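Asks: Quick one, structure for this:
(one chain, ligands or ions: 1)
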Amino acid sequence: MKRIGVLISGRGSNMTAIAEAVRDGRIPNAEVAVVISNIETAAGLERARGFGIPTFFHSHRGCAREAHDRAMAAELRRHEVDVVCLAGYMRLLSPWFIREFEHRILNIHPSLLPAFPGLDAQKQALDYGVKFTGCTVHLVDEELDHGPIVKQAVVPVLNGDTAETLSARILAEEHKTYIEAVALLASGNFKIEGRRVIEL
Ligand code: GAR
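Replies: Numbers count the residues shown, from 1 in each chain. Below is the predicted model:
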């Protein structure tokens, strides 16, 4: 049984997709052990409580990055978490945290990395004029939106798209892609060769 900890900063729709997939047995042998936010009013905290999942809030304000991460790691350990999912967690993690959970932290990003890392990836794609974008679930390393890629999905950019319509179409793919990636990580049926994550 793999125990999942989800870090959020906002709405928590990816967290909800993971929690529903766990509940419905689409991520076998897994449990969402805790949902943690750095923002007290994050709507995702309420949604997590609706699933009966324990929640924890720790503000990053006035807190050095590593000290904040150590507080979150203590909570993750208290819930015996094996896999950490970043789901709209809008903070950089300290190298200390990344080493502490090496190869066990997943992030979802709303573009086909390495294109458009950072903030507003959907608007970046629209402004650049690409015809296809999508989403990426990757293992987290010390560089922003950079670690080995676990799953990607492609989403076409349509002529009439705004950042909002494109984001909504990508988000629907994010939910499916994140579930597949978590299921793979929880199964242990993969190996990592350099940057490549290979399913066994
Ligand atoms: C998602 O689109 C996710 O890919 C993005 O934030 C949104 C969170 O939505 N993450 C990033 O941009 C990270 N760089 P959610 O709270 O509804 O899951």
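Asks: which ones are touching the residue in the chain that the ligand sits nearest to?
Replies: Relative to the ligand, the nearest point of the chain is residue 88 (2.6 Å; CB to the nearest ligand atom). The C-beta positions use only the backbone N, C-alpha and C, and glycine is treated the same way. Each residue near residue 88 by CB atoms under 8 Å, 6 or more residues apart in numbering is listed here: 8, 9, 10, 11, 12, 13, 14, 15, 44, 108.
Asks: So what's the residue count around the fifth one?
Replies: Right, residue 12. 23 (other CB atoms under 10 Å).
Asks: Can you report how many residues lie near the residue lying closest to it once chain neighbours are set aside?
Replies: The shortest distance from residue 12 to any residue other than its chain neighbours is 1.9 Å, reached at residue 44 (CB to CB, 6 or more residues apart in numbering). Close neighbours of residue 44, defined as other CB under 10 Å, add up to 26.
Asks: I figured residue 44 hits residue 36, correct?
Replies: No. The pair residue 44 / residue 36 is not scored as a contact, 10.1 Å apart, by CB atoms under 8 Å.
Asks: tell me, what's touching the two both at once?
Replies: Common contacts of residue 44 and residue 36 (CB under 8 Å, 6+ apart): residue 8.
Asks: list the contacts for residue 49?
Replies: residue 55.
Asks: In terms of helices and strands, where is it?
Replies: Element membership for residue 49 (DSSP states H and E) is helix 43-50.
Asks: sorry, back to before: for the residue nearest to residue 12, give me the pLDDT.
Replies: According to the prediction, residue 44 has pLDDT 98.
Asks: Next one: it from residue 184, what distance?
Replies: The gap separating residue 44 from residue 184 is 23 Å, by CB to CB, to the nearest Å.
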